[in-house]
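Engineer: I'd like to go over a predicted model; first the sequence, then the structure.
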Amino acid sequence: MLRTKTTVYSLAILAVLVFFVPKLAAQIDVFDDVLFAHKVDSVAQMQRIQQEIIGMAVCIVKDGKIIYSQGYGYSNWEKLIPVTPATTFRWASMSKSLTAITALKLQEEHHIDLDSTVTFYNPSLPYRQVHIRDLLQNRSGIGHYDEMTRDYPQWRTNIKNYPGAGPFNSRAAVQIFDNAPLNFTPGQKFLYSTFGFVVAGEVIDTIGRRVFGKGYLDLVNEHIRKPLGMASLQPDYQFENNPLKTEGYYYGSDNEIVRRPDDEVSWKLAGGGFESNVVDLGHYIRGLMLKEILQPSSYDLMWKKQPDVEYGYGFSVEGENFNLRIGHSGTQTKTRTIFWMYPNRRVGVGVMLNSEWGDPGIVADHLLQLLGVNTEPRKYEPRCIDNSKSSTQYAAIWKAGNNKQVMRRGYITQHFQVETDHLRAHGFQLTDVETYLDKKNVRHWDGVFEANNETFVWEHQMDPDSFYARNAGLAREGWHLQDAETYIVSNKRKWTGVYARAAEKSTFINDLDADGFDKQVRLLARKGLRLNDFESYYDGEKKKRLWAGIFTPGGDSYGFWRSLSMDAFNQKLTDLNKEGLKLIDIEIYNLNGKQFWSGVWRGGNFDIRLQRNVNFCPIMKNFINLGQNGYDLLDWERY
């Protein structure tokens, strides 16, 4: 299975964790509500499937206890290393809340005045009009990434000079951008800024070294990490070899999943440079909920919403009274994170992803619903890169239906096999599969999966004789071929097939030239068999184009036209539509620099939508939009 299950109610698994991570198991409270654990697991698994998340960890806090902590998927997809509660993720902007707490602690001890300017504590800083309060409330006028890149693009060059091979250096971090202009007079309005929190970290560092002989990181360790037992909380140093650290993944230029290279983020520690495992995020939520670090008045100040924005000091603030909602999200290379808590309800959740396209907020809201919070989770909107310059084009056919589907695209064989097994375990059946070679001659797979709880078999890399034998053997057991593809491996022809018990009995023919295939189509039609799926492929040994098809029982009118130019295919679409025939399967191939189109049309009272000659992004958008409006993806091709 794709997930590794380590829950707080499983003593056996906790014993394993004790062996690998001595302090982790002792920090988790025992929770024996198996029904609740099953509900959480179901929600998390479905969100991981819908969002195509590679790796995820979640925690749940209730009544001052971490009642649930679990990992799903992979921290290293290439090596299939699973996520566990001990896996560390980048916090990204959740780190800002640590800086705010540390500043409020210094205020309680009368070492900092939030109304003072930054230069009062460090005259070398350039922002003479900026107050500490402005930094923590994102009202300093210091820009975020877009503003910084627009007004002071040198910061991207300066970052290379940051001494990332050593411990956190707050002064060197500020020097990356300290000549950047302000966007407005400090205090005038809200502008979210990681750079502003980096400056706040430098002020805290200056005060800490002068008063205690301890820098910013030492103060975070002393006032937050140690009191709350957050053993894994630390800067995301690239020079340290942390075997528990997750890899990160993003969408490449053609929307393929790519592992993110290592990058230096510890320079922005105070605004987005920490990491920890999800259990320690749970300890953080618990400590905040119980108000263990600061005085009550400090929490009141820190969690007071500003008049024009739902933000306090280093925390997002929504609602009030019983529905007061406190937290922060994080968006960064390699990670997407969030935590939310309702301190007056005494519940909270944390979600950490290693997939940059994911939305942890949706996962968090679904988990909060299980805790009795009346949230309304957003619908997930997949991100895609609209690469109009891509040489790969797509065609797709949608049919009116109401099945829940998910799409997987560009997986190497190992990943596709694992994902197919995972989706099968959660009630999704593979209904359509495509395969191709990338520019490096690595085989990849696309697939459409349907949530119908029907069993299926996917076989691949079979030579022709093995494929025929497998078809016959599975048919005797009640499994019927519903989709087939052929491809070449080491100059040898291979076949892949999808078989389902719920599918109609099928007849498969292949290795026929165009005339022979046409004759079989007509012959089988007279016997009451209709072509449902077909393949066109070039045979290098025979030096000719061959055809294969899957036929199923049917008495409806239908037609098969092949090797048409695009203009002729368009005309055929128009003519057959007038006759009540709908396109259900399509193939596109190139020969001698020309493109040819073929299709199967079936009669019936159903609606079809066709999209073609586009890159992947419009296909994905239609997959979501049409799926929400009662259409199923029936067939798709890349060419």
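Structural biologist: That came through, no problem.
Engineer: what comes up buried for stretch 602-617?
Structural biologist: 602-603, 608-609, 611-612, 614-617 (16 or more other C-beta atoms under 10 Å). Where you see a C-beta, it was placed from the backbone N, CA and C, and this is true even at glycine.
Engineer: quick one: which of those residues sit in strands?
Structural biologist: 602-603, 608-609, 611-612, 614 (DSSP state E).
Engineer: surely N323 meets Y342?
Structural biologist: Yes: with contact defined as C-beta atoms under 8 Å, N323 and Y342 form a contacting pair (7.0 Å).
Engineer: picking up where we left off before, export the buried residues of stretch 602-617 to CSV and tack on distance to V220 and pLDDT?
Structural biologist: Formatted as CSV, these follow (distance: C-beta to C-beta, whole Å; pLDDT from 0 to 100):
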residue, distance to V220, pLDDT
R602, 65, 96
G603, 70, 94
I608, 59, 95
R609, 54, 96
Q611, 52, 96
R612, 55, 95
V614, 49, 93
N615, 45, 92
F616, 43, 92
C617, 41, 91
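Engineer: Tell me how far the most far-flung residue of the chain relative to its centre lies from Q520.
Structural biologist: Going by C-alpha atoms, centre = their mean, the residue of the chain most distant from its centre is R526, 49.1 Å out. With distances taken as C-beta to C-beta, to the nearest Å, R526 is found 11 Å from Q520.
Engineer: sorry, back to before: if I look at the residue farthest from the centre of the chain, what pLDDT would I see?
Structural biologist: If you check R526, the pLDDT there is 96.
Engineer: same thing with Q27?
Structural biologist: 47.
Engineer: The strand or helix carrying I362: how far from the chain's middle?
Structural biologist: Assigned by DSSP states H and E, I362 falls within helix 360-370. In terms of C-alpha atoms, centre = their mean, to the nearest Å, the gap separating the centre of helix 360-370 from the centre of its chain is 15 Å.
Engineer: Following it in sequence, what is the next regular element?
Structural biologist: strand 394-400.
Engineer: just how off-centre is that following strand within its chain?
Structural biologist: 24 Å.
Engineer: Show me what that strand is packed up against.
Structural biologist: strand 581-591, strand 608-614, helix 616-628, strand 631-638 (3 or more C-beta pairs under 8 Å, 6 or more residues apart in numbering; DSSP states H and E).
Engineer: Next, the buried residues of the first one.
Structural biologist: Of the residues in strand 581-591, those buried by neighbour count under the rule 16+ other C-beta under 10 Å are 581-589.
Engineer: Find the nearest non-adjacent residue to L106, please.
Structural biologist: Spatial nearest neighbour of L106, excluding adjacent residues (C-beta to C-beta, 6 or more residues apart in numbering): I112 at 4.1 Å.
Engineer: where does the one you found fall, helix, sheet strand or coil?
Structural biologist: Three-state call for I112 (DSSP: H, G, I helix; E, B strand; the rest coil): coil.
Engineer: contacting residues for it?
Structural biologist: 103, 106, 121, 132, 203-204, 207 (C-beta atoms under 8 Å, 6 or more residues apart in numbering).
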